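Participant: Quick one, structure for this:
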Amino acid sequence: MSMFRTLSSHLLRQQKCVHPACFYGTQSSSTSTNLKEVLTVKIPEKQQEVIAFRKEYGKTKVGEVTVDMMYGGMRGIRGLVTETSVLDPDEGIRFRGYSIPECQKLLPMAKGGEQPLPEGLFWLLVTGDIPTQQQVDAITKEWNERSPLPNHVITMLNNFPHNLHPMTQFSAAITVLNSESKFAKAYSEGVNKLKYWEYAYEDAMDLIARLPTIAAIIYRNLYRAGTSVGVVDMDKDWSYNFTSMLGYDDPNFTELMRLYLTIHSDHEGGNVSAHTTHLIASALSDPYISFAGGMNGLAGPLHGLANQEVLVWLTQVQQELGDSVSDEKLRDFVWNTLQSGKVVPGYGPVYTCQREFALEKLPNDPMFKLVSQLYKIVPDVLLEQGKAKNPWPNVDAHSGVLLQHYKMTEMNYYTVLFGVSRALGCMASLIWDRALGLPIERPKSFDTPTLKKLAIQASKG
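Facilitator: I've put the predicted structure just below:
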């Protein structure tokens, strides 16, 4: 639990309120449709809150670190403050205190749509408030206006060889976009620290607005013979324009992408892509370079390839056992997989919203039916084998299956979709990093002899 989250719990108890959202905010407290204007009011209040909190509790210890944590990739070490989301092992992800089902219910939707718009989720991540329809429409309009790419980025994308991985292209394009960085320009001109967040905000909005076009050009060049992505429709939302530029016109796929881009947006601050973005930005690197670093982390197979690995594994199960298999035979297969030292990919805390989408839109899809059958079997096997404390399927269990159903079969591209979504959370956090004046990140490290000495002393004490 982060230090900020601990304070949140304390205040909630004082206020006799059981819902975390009561701490973060409720319906948008401002009627302004200008997000930067809203932040101009909120940021000084939050700055004073953090200053007061640190003054009173700055020396308070809020956790312990073990040797295993230090050797085990810092897992379980609570050392970051991330305002945008918290991952609960039982409830799953909460965005500013709101669960995914609550976001689906409360966030504005496209006209005739059934899923929340990512624009609304971004407003929530940045402000802590549920936006109005007018505020979400204003974000859509602003992103559409900011979406044109510089010619040198388009030229570079079109000149990449076809054997260059889509994530490499995605990261490279984001990096060279830093030629447009308003933050870098302002910093070089000696802007006051108190205004850092304003220029980080401008870069963040420009970056998010441009990512769908970058991603679509990569997709068209690699998988659609370089056909044109067309232009952004100024009257349509961010997800609609993205799916249209990709070349998909099924309204159900557009709805899926609205859901996908919303729920993949943020996952606390310690995951590789979010933490890398935060770390690089802590050196006052501009948002483009910082996010490009995060995308290089997302490209790693232990982070961004989860839904691809789930799909590959499901295909192997289907090929080995056939389309129709008994629960007992499937249970034996899962058991043998774990006994052989392998893992069953896709099991973690976020799952239900995509399952509900699939139940409504593709209940008879063979791969979805296999996922549903595994949902009944795998958790008990994992608990029995002691392989997982929280054995429930996560968002990756369905993502690839849903994309395949709508004929997006190019698995190497899935991480790019993930990256477009992850920008929402990374940029929301980066704006607040600069607003709160967080310093360069520089944790202390030990070598093994020193750590042994400290551990022996601690064990005797």
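Participant: can we go C-alpha only for contacts and neighbour counts from here?
Facilitator: Fine.
Participant: how about the nearest residue to Ala283, chain neighbours excluded?
Facilitator: Ile440 (5.2 Å; C-alpha to C-alpha, 6 or more residues apart in numbering).
Participant: how close does the one you found sit to Tyr201?
Facilitator: Going from Ile440 to Tyr201 by C-alpha to C-alpha, to the nearest Å gives 19 Å.
Participant: Pick out whichever of these two has more residues nearby.
Facilitator: Tyr201 (24 against 13; other C-alpha atoms under 10 Å).
Participant: Please name the residues that touch the more buried one.
Facilitator: Lys36, Ile431 (C-alpha atoms under 8 Å, 6 or more residues apart in numbering).
Participant: What strand or helix carries it?
Facilitator: helix 196-223 (DSSP states H and E).
Participant: any idea of the mean pLDDT in that helix?
Facilitator: What helix 196-223 shows for mean pLDDT is 98.
Participant: what's the spacing between the residue nearest to Ala283 and Lys59?
Facilitator: 19 Å.
Participant: again with Ala173
Facilitator: From Ala173 to Lys59 the distance is 43 Å (C-alpha to C-alpha).
Participant: okay, those two: which has more neighbours?
Facilitator: Ala173 (22 against 8).
Participant: check contacts around that one.
Facilitator: Neighbours of Ala173 in contact, by C-alpha under 8 Å, 6+ apart: Val153, Met156, Leu157, Ile214.
Participant: List buried residues within those residues.
Facilitator: Val153, Leu157, Ile214 (16 or more other C-alpha atoms under 10 Å).
Participant: how about the helices of the stretch 201-350 of the chain, start to end?
Facilitator: Using DSSP state H, counting those that start in this stretch, the helices of the stretch 201-350 of the chain run over 238-246, 251-263, 272-282, 287-298, 306-321, 327-339.
Participant: So which of the buried ones among the contacts of Ala173 is the closest to Arg355?
Facilitator: Nearest to Arg355 among these is Ile214, at 29.3 Å by C-alpha to C-alpha.
Participant: any idea which helix or strand comes after the one helix or strand Ala358 maps to?
Facilitator: Mapping Ala358 onto the secondary structure by DSSP H and E places it in helix 352-361. For helix 352-361, the following helix or strand on the C-terminal side (DSSP H and E) is helix 366-385.
Participant: what residue ranges in the stretch 1-150 of the chain score low on pLDDT?
Facilitator: By pLDDT under 70, the weakly predicted segments of the stretch 1-150 of the chain are 1-29, 89-90.
Participant: just the helices in it please.
Facilitator: 3-14, 21-24, 35-57, 67-71, 100-106, 118-127, 133-146.
Participant: and these, which is most packed in?
Facilitator: helix 118-127 (a mean of 26; mean count of other C-alpha atoms under 10 Å).
Participant: what helices or strands is it leaning on?
Facilitator: helix 35-57, helix 133-146, helix 238-246, helix 251-263, helix 414-435 (3 or more C-alpha pairs under 8 Å, 6 or more residues apart in numbering; DSSP states H and E).
Participant: Report the buried residues of the helix holding Ala358.
Facilitator: Thr352, Cys353, Gln354, Arg355, Phe357, Ala358.
Participant: Most tightly packed of the helices of the stretch 201-350 of the chain?
Facilitator: helix 287-298 (a mean of 26).
Participant: Quick one: residues in contact with that helix.
Facilitator: 167-168, 171-172, 174-175, 177-178, 181, 183, 200, 203-204, 207, 272-281, 303-305, 415, 419, 423, 426-427, 430.
Participant: CA atoms of stretch 157-167 as PDB?
Facilitator: Extracted as PDB, the C-alpha positions of stretch 157-167 are listed here (Å, rounded to 0.1, in the frame of the first residue of the first chain):
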ATOM      1  CA  LEU A 157       7.500   5.000 -40.400                       C
ATOM      2  CA  ASN A 158       7.100   4.400 -44.100                       C
ATOM      3  CA  ASN A 159      10.800   3.700 -44.600                       C
ATOM      4  CA  PHE A 160      11.100   1.000 -41.900                       C
ATOM      5  CA  PRO A 161      11.800  -2.500 -43.200                       C
ATOM      6  CA  HIS A 162       9.000  -4.900 -42.900                       C
ATOM      7  CA  ASN A 163      10.900  -7.300 -40.700                       C
ATOM      8  CA  LEU A 164      11.200  -4.600 -38.000                       C
ATOM      9  CA  HIS A 165       9.000  -5.600 -35.100                       C
ATOM     10  CA  PRO A 166       5.900  -3.300 -34.700                       C
ATOM     11  CA  MET A 167       6.900  -2.400 -31.100                       C
END
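Participant: for it, the distance to its chain's centre please.
Facilitator: 24 Å (C-alpha atoms, centre = their mean, to the nearest Å).
Participant: Could you pull out the buried residues of that stretch?
Facilitator: Leu157, Asn158, Phe160, Pro166, Met167.
Participant: will you turn those into CSV that also has pLDDT, secondary structure and distance to Val378?
Facilitator: Putting those into CSV (pLDDT from 0 to 100; DSSP: H, G, I helix; E, B strand; the rest coil; distance: C-alpha to C-alpha, whole Å) gives the following:
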residue, pLDDT, secondary structure, distance to Val378
Leu157, 98, helix, 42
Asn158, 98, helix, 44
Phe160, 98, coil, 42
Pro166, 97, helix, 32
Met167, 97, helix, 31
